[in-house]
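In: Okay, here's the prediction I keep looking at, along with the sequence it came from:
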Amino acid sequence: HRSCVALPAATGPRPELAVWLLLAPFAVLLALVDRNVHRLPDRLTLPLAAAAAVLLGLAALAPGDAGSWPTALLGGMILGAFYFLLFLIHPNGMGFGDVKLALSLGVALGWYGWTVLFTGAFAGLLLGSLYGLGLMILRRAGRKTAIPFGPFMILGALAGLLLGGLAAA
C-alpha cells in the first residue's frame with residue numbers, strides 16, 4: 001500500500017518506523033472493512049490500540065527514536081475521550097467503533113507530540129466532513145445518512161504521522 005512507501009520516506013530509519021509498518025496493514029484493513037460494512041470490529045480495533053502502545057513503548061527503548069511514549073499514551077486517552085464525547089453527544093452520528101479506533105490513532109499521533117495529534121485528528125474530521133458535504137451537495141446523501149468515518153480518521157492520522165516524521169527528521 002502507498003502508506004507503506006510514504007512512511008519510510010517521512011520517518012527515516014528510526015525505531016518507530018517498524019511500528020508504523022506493522023500497524024499500517026491493520027489500519028488499511030480497518031478502513032476497507034468500515035467502508036464496505038460501516039463497522040469497525042473489536043477484533044481489530046482493540047488489539048490495534050494495545051499493539052500501538054506496547055510497540056511504541058519498545059521503540060522508545062531503542063536509540064534514535066523521535067517520539068515520546070508518555071505523550072503517545074496520553075494522546076490515545078485524549079483522542080479516545082474526545083471521540084467518546086462525540087459518541088455521547090450524537091450516538092447515531094458517531095459509532096463506538098470510531099471511539100475504539102481513536103485510541104490507537106491517538107497513541108500513534110501522540111508519539112510525535114500535541115501538534116501532530118491535533119493536526120491528524122483535525123485532518124480526519126475535516127476529510128470526513130468534506131466527504132459528507134460533497135455527498136449532500138450531489139444529493140447522494142442527507143443530513144442523517146450514515147457514512148463510514150474510520151477511513152477518514154485513518155487518512156487524517158496518516159497525514160499527521162507523515163508530518164510528524166518529516167518534522168522530526
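Out: Okay, I see it.

In: Next, the residues that contact stretch 110-117 from outside, please.
Out: Contact with stretch 110-117 is made by 16, 56, 66-69, 71-76, 78-79, 106, 109, 160-161, 163-165, 167-168, as judged by Cβ atoms under 8 Å, 6 or more residues apart in numbering. For the C-beta atoms, the positions are set from N, CA and C on the backbone; glycine is no exception.

In: Name the residue most distant from the centre of the protein?
Out: Here the chain reaches farthest from its C-alpha mean at residue 139, the gap being 28.7 Å by Cα atoms, centre = their mean.

In: who does the helix or strand hosting residue 32 touch, helix- and strand-wise?
Out: Residue 32 belongs to helix 16-37 when elements are defined using DSSP states H and E. Counting contacts by 3 or more Cβ pairs under 8 Å, 6 or more residues apart in numbering; DSSP states H and E, helix 16-37 is packed against helix 3-11, helix 42-61, helix 96-111, helix 150-168.

In: could you redo the last one with a cut-off of 6 Å?
Out: When contacts are defined as 3 or more Cβ pairs under 6 Å, 6 or more residues apart in numbering; DSSP states H and E, helix 16-37 packs onto helix 3-11, helix 42-61, helix 150-168.

In: Show me the contact partners of it.
Out: 1, 3-4, 7-8, 11, 40, 44, 48, 55-56, 59, 65, 67, 148, 150-151, 154 (Cβ atoms under 6 Å, 6 or more residues apart in numbering).

In: mind checking the SS state of residue 93?
Out: Per DSSP: H, G, I helix; E, B strand; the rest coil, the secondary structure class of residue 93 is coil.

In: Identify the residues contacting it.
Out: If you count contacts by Cβ under 6 Å, 6+ apart, residue 93 has none.

In: mind checking the backbone torsions on it?
Out: phi -100, psi -20 (degrees, to the nearest 10).

In: what about residue 148, which helix or strand?
Out: Using DSSP H and E, residue 148 maps to neither a helix nor a strand.

In: thinking again about what came up before, and the helix holding residue 32, which residues are buried?
Out: Residues of helix 16-37 classed as buried by neighbour count (16 or more other Cβ atoms under 10 Å): 16-17, 19-20, 23-24, 26-28, 30-31, 33-34.

In: What of stretch 52-70?
Out: The neighbour-count check on stretch 52-70 (16+ other Cβ under 10 Å) flags 52, 53, 55, 56, 59, 60, 65, 66, 67, 68, 69 as buried.

In: Identify the farthest-apart pair in the residues you listed.
Out: Using Cβ to Cβ, these reach their maximum pairwise distance at 53 and 66, which is 17.4 Å.

In: Restricted to buried residues, select the contacts of helix 16-37 in ChimeraX.
Out: Only the buried members of these enter the following ChimeraX selection, criterion being 16+ other Cβ under 10 Å:
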select :3,7,11,40,44,48,55,56,59,65,67,148,150,151,154
